[in-house]
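K.L.:
turn this into a model:
(one chain, ligands or ions: 1)
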Amino acid sequence: MTDNSLNPNPRSPRVHVERGDDAYANTIAALGAFDLAPVKGKTVLLKPNVGRMAAFGTGVNTNPRVVAAAIDAFSAAGAKVSIGESPITGVKTMEAFELSGIAAVANERDCPLIDLDARAPIETPIPNGRVIESIKLCADVPEFDFVVSIPVMKIHMHTGVTLAVKNMKGCLWRRSKVELHMLPQLEDTPDKSLDIAIGDMATVLRPRFSIIDGSVCMEGLGPGAGTPKELNVVVAGSDAFAADAVACRLMGRDAAEIPHLRIGAANGCGVIDLDQIQVTPNNWRDHASAFSAAPKNLSFEFPNVEVLDRNSCSACQSTLLLFLKRYGDTLPEYVSAEERLRVAIGKGHENLPEGTLCVGQCTVRQKDGGIFVPGCPPVGSQIHKVLQQHAQKKSADDE
Ligand code: SF4
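P.N.:
Next up is the predicted model:
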């Protein structure tokens, strides 16, 4: 998967940006800017972002009309096309395909949907990995001639953005994805191990072509709990790093400041220097619109909540944020106006203050002194239920 026959000049890759109201037409036009002849007679795996249970319009998952256009364009070029995904922990692949609208467009076209988690994975070594020595690759992925990454353009609370390069993490088998969030910090660098791990992963796993869905995107607390943002663009190119660099600029970001892109480019996996990328059309920068960043601390939005976060993954953060959004008004029932609700998520906490709300399986060791919510990821309604039970017990003890 490391060579790139769709791209005749990987040192100076091409990226095309198409803008318009119709995501299907944008995608067809963007793909029309490339010679797709190399896929004739080949198998193509489309890898959209369908990692969460969410309908179109929320900015969470890839627009089904972008996926429909990709099926049509690659099929017309003579490829045998399938769609695959391995979603975040707790999400069933086929249910996510249904809710996203991607199952409907695939079924209309007799395009197979693959649950990439169904088969046993292939342990794939990373010869020069700095923080990971191997990945558990979903077995279907290397059986395809071409893999096409089709992410939705999103801000990511942990990695800055999530685009074509990071979307390939959805080819890692089941819970093995979570392991990348749990790596210890290296002492000789300020870079987070998660970003280095994505750079390691890219040395053995990157797409042959990328189509970045910028129709309804996500800003703020992405990847799961941010705000939808319409940009009405599609970005396409055969170097995923180059496509991501262009998408970053459209989002008001510089790819050199996105650690996993900087690290992956330094590993020789792609080009992020816009001066080396041939971007068409010339006026592409006119479509840029700055995306708001994820807040650094969830407590910022919820002043009566203190979040203690150690090495959590985005699933836990999203759950917590959605819980606070939904049940935030009821928190005064559980904590007095002078108190703050202290919530711990992630792994490696020690000596948490008594009464801390410990959310998620990673905090299980701390449960004795606190209020524990099981689950990986936990669900918001369960957090609410556990808090209610705790309040009832406390009031019964007080009587
Ligand atoms: S409990 Fe939360 S932080 Fe821990 S692995 Fe599960 S989702 Fe990630």
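
K.L.:
which non-adjacent residue is nearest the residue in the stretch 51-200 of the chain that the ligand sits nearest to?
P.N.:
Distances between the stretch 51-200 of the chain and the ligand by C-beta to the nearest ligand atom are smallest at V178, namely 4.5 Å. C-beta here means a position set from N, CA and C on the backbone, and glycine is covered the same way. Excluding the flanking residues, the one nearest V178 by C-beta to C-beta, 6 or more residues apart in numbering is C313, at 5.4 Å.

K.L.:
just read off the phi/psi values of the one you found.
P.N.:
phi -100, psi 170 (degrees, to the nearest 10).

K.L.:
burial of it, as a residue count?
P.N.:
When neighbours are defined as other C-beta atoms under 10 Å, C313 has 24 of them.

K.L.:
spit out the contact partners of the residue of the stretch 51-200 of the chain closest to the ligand.
P.N.:
Contacts for V178 were tallied using C-beta atoms under 8 Å, 6 or more residues apart in numbering; they are 89, 313, 315, 376.

K.L.:
just among the residues you listed, which is most surrounded?
P.N.:
Busiest of the contacts of V178 [other C-beta under 10 Å] is A315, holding 26 neighbours.

K.L.:
the longest helix anywhere in the chain: which residues count as buried?
P.N.:
In the chain, assigned by DSSP state H, the helix with the most residues is helix 380-398. The neighbour-count check on helix 380-398 (16 or more other C-beta atoms under 10 Å) flags 380, 383-384, 386-387, 390 as buried.

K.L.:
quick one: check that helix for contact with the ligand.
P.N.:
No: against the ligand, helix 380-398 shows no contacts by C-beta under 6 Å from any ligand atom, the least distance being 11.9 Å.

K.L.:
packing partners for that helix?
P.N.:
Applying 3 or more C-beta pairs under 8 Å, 6 or more residues apart in numbering; DSSP states H and E, we find helix 380-398 packed against helix 314-327, strand 357-359, strand 371-373.

K.L.:
compare these and give me the one nearest L113.
P.N.:
Checking the helices and strands packed on helix 380-398 against L113 by C-beta to C-beta gives helix 314-327 as the closest, at 22.3 Å.

K.L.:
run the angle between the closest one and helix 380-398 for me.
P.N.:
Orientation check (axes from the mean of the first three to the mean of the last three C-alpha atoms, to 10 degrees): helix 314-327 against helix 380-398 gives 60 degrees.

K.L.:
check whether the following helix or strand past helix 314-327 comes near the ligand.
P.N.:
Next helix or strand after helix 314-327 toward the C-terminus (DSSP states H and E): strand 341-346. Yes: Strand 341-346 is in contact with the ligand by C-beta under 6 Å from any ligand atom, via 345-346.

K.L.:
CA atoms of strand 341-346 as PDB?
P.N.:
Only the C-alpha atoms of strand 341-346 are listed here, as PDB (Å, rounded to 0.1, in the frame of the first residue of the first chain):
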ATOM      1  CA  LEU A 341     -18.700  17.900  40.800                       C
ATOM      2  CA  ARG A 342     -15.300  16.200  40.400                       C
ATOM      3  CA  VAL A 343     -15.300  13.700  37.500                       C
ATOM      4  CA  ALA A 344     -12.400  11.400  36.600                       C
ATOM      5  CA  ILE A 345     -12.000   9.800  33.200                       C
ATOM      6  CA  GLY A 346      -9.100   7.800  31.700                       C
END
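
K.L.:
can you list the residues of the stretch 251-399 of the chain near the ligand?
P.N.:
So far as C-beta under 6 Å from any ligand atom goes, the stretch 251-399 of the chain lies against the ligand at 312-313, 315-316, 345-346, 360-362, 376-377.

K.L.:
give the buried subset of those residues as a PyMOL selection command.
P.N.:
Typed into PyMOL, the line below selects the buried ones among those, using 16+ other C-beta under 10 Å:
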select buried, resi 312+313+315+316+345+346+360+361+362+377
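
K.L.:
nearest to P127, of the residues of the stretch 251-399 of the chain next to the ligand?
P.N.:
C313 (26.1 Å).

K.L.:
before we move on, the earlier item: need the contacts of V178 in a markdown table (columns: pLDDT and distance to K80).
P.N.:
Output for the contacts of V178, formatted as a markdown table (pLDDT from 0 to 100; distance: C-beta to C-beta, whole Å):
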| residue | pLDDT | distance to K80 |
| --- | --- | --- |
| T89 | 84 | 31 |
| C313 | 83 | 34 |
| A315 | 82 | 33 |
| C376 | 88 | 36 |
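
K.L.:
farthest-separated two in those?
P.N.:
Farthest pair in the contacts of V178, by C-beta to C-beta: C313 and C376, 9.4 Å.

K.L.:
relative to strand 341-346, how tilted is the longest helix of the chain?
P.N.:
Going by the same axes, to 10 degrees, helix 380-398 makes 130 degrees with strand 341-346.

K.L.:
for helix 380-398, what does the pLDDT average out to?
P.N.:
What helix 380-398 shows for mean pLDDT is 84.

K.L.:
which residues does it contact?
P.N.:
319-320, 322-323, 326-327, 330, 333-334, 357, 359, 371-375.

K.L.:
let's go with 10 Å and repeat that
P.N.:
When contacts are defined by C-beta atoms under 10 Å, 6 or more residues apart in numbering, helix 380-398 is touched by residues 318-327, 330-331, 333-335, 341, 343, 355, 357-360, 370-375, 378-379.

K.L.:
ok, back up a step: between C313 and C376, what contacts are shared?
P.N.:
Common neighbours of C313 and C376 (C-beta under 10 Å, 6+ apart) are 89, 178, 360, 362.

K.L.:
from those residues, which shows the smallest pLDDT?
P.N.:
Among the shared contacts of C313 and C376, T89 has the weakest pLDDT, 84.

K.L.:
and it, its phi and psi?
P.N.:
Main-chain dihedrals, T89, degrees, to the nearest 10: phi -60, psi 140.

K.L.:
that one and K177 touch, don't they?
P.N.:
Yes: using C-beta atoms under 10 Å, T89 and K177 qualify as a contacting pair, with a distance of 7.5 Å.
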